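Enquirer: Predicted coordinates and the sequence they were generated for:
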Amino acid sequence: MDFLKNKIPPPVIGLSIGLLMWWLNGFSPIISYKNQLLDYFAIAIILVGISIDIQSLYNFIKNKTTANPLTPQKASKLVISGFYRFTRNPMYLGMFLVLLGTALLFGSLASLLLLPAFIGAINYLQISNEEKALETLFGEEYLSYKQRVRRWL
């Protein structure tokens, strides 16, 4: 599976997991639950996730460095402000929150069970390579940041 590392754009991974959630929900919901209050909560989680993604992307633009996750070696600056003060991967956290909210909207345990697959895929296929590239580019500055700020939360 190493040949897939840094080859699949993270939004494609997120969308794939989302589509799999949708398919599993229709095919085999395992345990279903629906609640209007939960739906409102799910929509709020999705909006928070989207907001984190947009603000984090804006942070890259503001700092005039690449936001392309497939080419982390082209980064010209280490971004450690905004949500990057709390998590090294706020865009992936935002995607996770969108998937969590979506799973809650589906109202199916089967959908929720796919969330660890997203985390595992992003950790293995994307984050590990990004971290190696950033260590090479920014050395001690990145290692210090890595010690202060957690990968997810």
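Expert: Received, thanks. Quick caveat, the model's predicted, so the values are computed rather than measured. Numbers count the residues shown, from 1 in each chain.
Enquirer: And the longest helix anywhere in the chain, what does it pack against?
Expert: In the chain, assigned by DSSP state H, the helix with the most residues is helix 36-62. Counting contacts by 3 or more CB pairs under 8 Å, 6 or more residues apart in numbering; DSSP states H and E, helix 36-62 packs against helix 90-106. Placement of C-beta: from N, CA and C, glycine included.
Enquirer: Run through who's touching the helix or strand of the chain with the lowest mean pLDDT.
Expert: Ranked by mean pLDDT, DSSP states H and E, the weakest helix or strand in the chain is helix 109-112, scoring a mean of 88. By CB atoms under 8 Å, 6 or more residues apart in numbering, the residues outside helix 109-112 that reach it are 21-22, 24-25, 28-33, 100, 102-104.
Enquirer: what's the most distant pair in those residues?
Expert: Ser28 and Leu100 (19.7 Å; CB to CB).
Enquirer: Those two: who's more crowded?
Expert: Neighbour totals were compared for Ser28 and Leu100, and Leu100 leads with 19 against 10 (other CB atoms under 10 Å).
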